[in-house]
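**Student:** I need the structure of the sequence given here:
(one chain, ligands or ions: 1)
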Amino acid sequence: MEIQSVKGTRDFYPEDMAKRNFIADLWKQVSLRNGFSEYDGPIFEYLAMYQLKSGDEIATQLFAFEDRGERKLAIRPEITPTLARMVNQRINTLPRPIKWFSVPRLCRAERPQKGRLREFFQWNIDIIGVDDCLADAEVIFCSVDYLMQTGLTSDDVVVRISSRRLIAAMLEYFGIEEKHLEKVYGILDKKSKMPQETFEKMLEEAISDSNKRQKVLNLMAVESLVEFESFAGADKNANEAIEELKKLFNYLNIMGISEFCRFDIGIVRGLAYYTGIVFEIYDKSEQLRAICGGGRYDNLLADFGGQKISATGMGMGDCVLGIVLEEKGLFKNLSQKSGIEYFVAFAEESLQNESLKIIARLRRAGRKADFSYKGGSLGKQLKQASAVNAAICVIVGEEFTQKKQLVIKDMNSGKQDIIAVEDFFSRL
Ligand code: HAM
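**Tutor:** Numbering: from 1, shown residues only. Predicted structure coming up:
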């Protein structure tokens, strides 16, 4: 029987691993320079935690199972619920604001497609304890800071920003009952991913009143925040949400990233817990799903039994991002070679043990050292040293037998030196 890998999963051969590390190392670097500290949680949690507030979409994509104690568990499809649980557990001792990041491996039983898999990595940054939209601006800034660091520019990517608060206020203003909101959000969120006809049909199923439905369709056609102001009329909630968005855009301007950002009422987000500003970043070719998405979730901590504390954050997966970086040729200087510093070769079979001692000493001194299992002629070993891109070849030959000396060959220049073993190690 030929064993196959599971649909929607990936094998990371060294060349794939180099790309994964390029993405993730930069996630960590950019998080740290933006003032975030790293955390992590378990890869499975109680199933109920993901059924509570994440919404139907995530709930139907769970890899759920029962353990031997008949506990109902699920592999994490996202880390935000874990974050809320962890913060609640220590809320009285954690200094605020809490600015944390994580790079969890997640699983969602989605239908695999371009940029969407069943197992992926997702960078998360979250700020807890700040209700001003400066925190949302900072989350957006940090996401853009990362993308710029990879080499992407405002010609390549766009941050589309909206507000759940604004959409909720408008839907309420149109007379759509609160109990239908979540369903309507789900449909609005999928608008750009389906033909207009299908969208209108789904809307018809959720909102039976054609007058109200038309208002929602008109709302979704609004293109700018200015246009929105006249649309919202005197509705207090809607106007407050518009003011908040204006303040956010002002912060983004001050932070120097306004050319990346634009208002887009079509951004609703698929997860149920968002309460305020929401955003998604897209590749401008418009062919791919979102590179990342996030927003404000001011009720999640309280919904998980904690205090009501403001929170905002975002998640960026490695799949769409990887496709964009590949297409733009931005995987730079990725060495698939081992990066070996010292390759130790022996001129005669009888010196193999001496060369092993040298290797062990080099490794204990913290140097990357390797050797040939096959041995063979010195020429063959030197070829192997070149194949692994070793910087230096240390040759244990007749100089060693006679005077305890090593031949040190610089593999780039080809230059050779002879040096006593102890001098070699003391100069490392
Ligand atoms: P999300 O929109 O479900 O949000 O996922 C965020 C990002 O994760 C997506 O934009 C995409 O890059 C990536 N992603 C999601 N599902 C998949 C998949 N099946 N395959 C590959 N990549 C995927 C959240 O998860 C929120 N918890 C983010 C957040 C953090 N909001 C606030 N804080």
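**Student:** verify the stated contact: Phe343 with Phe371.
**Tutor:** Yes: with contact defined as C-beta atoms under 8 Å, Phe343 reaches Phe371; the gap is 6.8 Å. For glycine as for every other residue, the C-beta is placed from the backbone atoms N, C-alpha and C.
**Student:** compare those two (neighbour count), which wins?
**Tutor:** A count of neighbours by other C-beta atoms under 10 Å puts Phe343 above the other of Phe343 and Phe371, at 28 against 23.
**Student:** got phi/psi on that one?
**Tutor:** phi -110, psi 120 (degrees, to the nearest 10).
**Student:** mind listing the residues bridging to it?
**Tutor:** Asp370, Cys393 (DSSP bridges).
**Student:** for it, give me its contacts.
**Tutor:** Ala369, Asp370, Phe371, Gln381, Gln384, Ala385, Val388, Ala390, Ile392, Cys393, Val394, Met411 (C-beta atoms under 8 Å, 6 or more residues apart in numbering).
**Student:** joint contacts of Phe343 and Phe371?
**Tutor:** Listed as contacting both Phe343 and Phe371 by C-beta under 8 Å, 6+ apart are Gln381.
**Student:** touching the ligand at all, stretch 301-319?
**Tutor:** Yes: for stretch 301-319, a contact with the ligand is found by C-beta under 6 Å from any ligand atom, at Gly313, Met314, Gly315, Met316, Gly317, Cys319.
**Student:** now do the contacts for the residue nearest to Ala272 when sequence neighbours are not counted.
**Tutor:** Nearest residue to Ala272 in three dimensions, chain neighbours excluded: Gly55, at 3.2 Å (C-beta to C-beta, 6 or more residues apart in numbering). If you count contacts by C-beta under 8 Å, 6+ apart, Gly55 has them with Glu182, Gly186, Gly270, Leu271, Ala272, Tyr273.
**Student:** what about the ligand: which of the residues you listed touch it?
**Tutor:** Of the residues in those, proximity to the ligand by C-beta under 6 Å from any ligand atom holds for Gly270, Leu271.
**Student:** mind putting the contacts of Gly55 into TSV with pLDDT and neighbour count?
**Tutor:** What follows is those, written out as TSV (pLDDT from 0 to 100; neighbours: other C-beta atoms under 10 Å):
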residue	pLDDT	neighbour count
Glu182	82	11
Gly186	86	18
Gly270	83	17
Leu271	88	22
Ala272	87	20
Tyr273	93	22
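**Student:** relative to Val87, which of the contacts of Gly55 is nearest.
**Tutor:** Nearest to Val87 among the contacts of Gly55 is Tyr273, at 14.0 Å by C-beta to C-beta.
**Student:** residues in contact with that closest one?
**Tutor:** Contacts of Tyr273 by C-beta under 8 Å, 6+ apart are Lys53, Ser54, Gly55, Thr80, Tyr297, Asn299, Leu300, Asp303.
**Student:** may I have stretch 196-211 exported as PDB, CA atoms only?
**Tutor:** Only the C-alpha atoms of stretch 196-211 are listed here, as PDB (Å, rounded to 0.1, in the frame of the first residue of the first chain):
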ATOM      1  CA  GLN A 196     -24.300  39.400  -7.800                       C
ATOM      2  CA  GLU A 197     -27.300  37.200  -8.600                       C
ATOM      3  CA  THR A 198     -26.400  34.600  -6.000                       C
ATOM      4  CA  PHE A 199     -25.700  37.400  -3.500                       C
ATOM      5  CA  GLU A 200     -29.100  38.900  -4.100                       C
ATOM      6  CA  LYS A 201     -30.800  35.500  -3.800                       C
ATOM      7  CA  MET A 202     -29.100  34.800  -0.400                       C
ATOM      8  CA  LEU A 203     -30.100  38.200   0.800                       C
ATOM      9  CA  GLU A 204     -33.700  37.600  -0.200                       C
ATOM     10  CA  GLU A 205     -33.700  34.400   2.000                       C
ATOM     11  CA  ALA A 206     -32.400  36.400   5.000                       C
ATOM     12  CA  ILE A 207     -34.400  39.700   4.500                       C
ATOM     13  CA  SER A 208     -37.900  39.100   3.200                       C
ATOM     14  CA  ASP A 209     -38.900  42.800   3.000                       C
ATOM     15  CA  SER A 210     -37.900  44.000  -0.500                       C
ATOM     16  CA  ASN A 211     -37.700  47.600   0.600                       C
END
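**Student:** buried residues in that stretch, which are they?
**Tutor:** Phe199, Met202, Leu203, Ala206, Ile207 (16 or more other C-beta atoms under 10 Å).
**Student:** now find how far off-centre that stretch is within its chain.
**Tutor:** Distance of stretch 196-211 from its chain centroid, counting by C-alpha atoms, centre = their mean, to the nearest Å, is 35 Å.
**Student:** could you do stretch 96-114 as well?
**Tutor:** For stretch 96-114, the distance to the chain centre is 7 Å (C-alpha atoms, centre = their mean).
**Student:** what about that stretch, near the ligand?
**Tutor:** Yes: using C-beta under 6 Å from any ligand atom, stretch 96-114 reaches the ligand at Arg108, Glu110.
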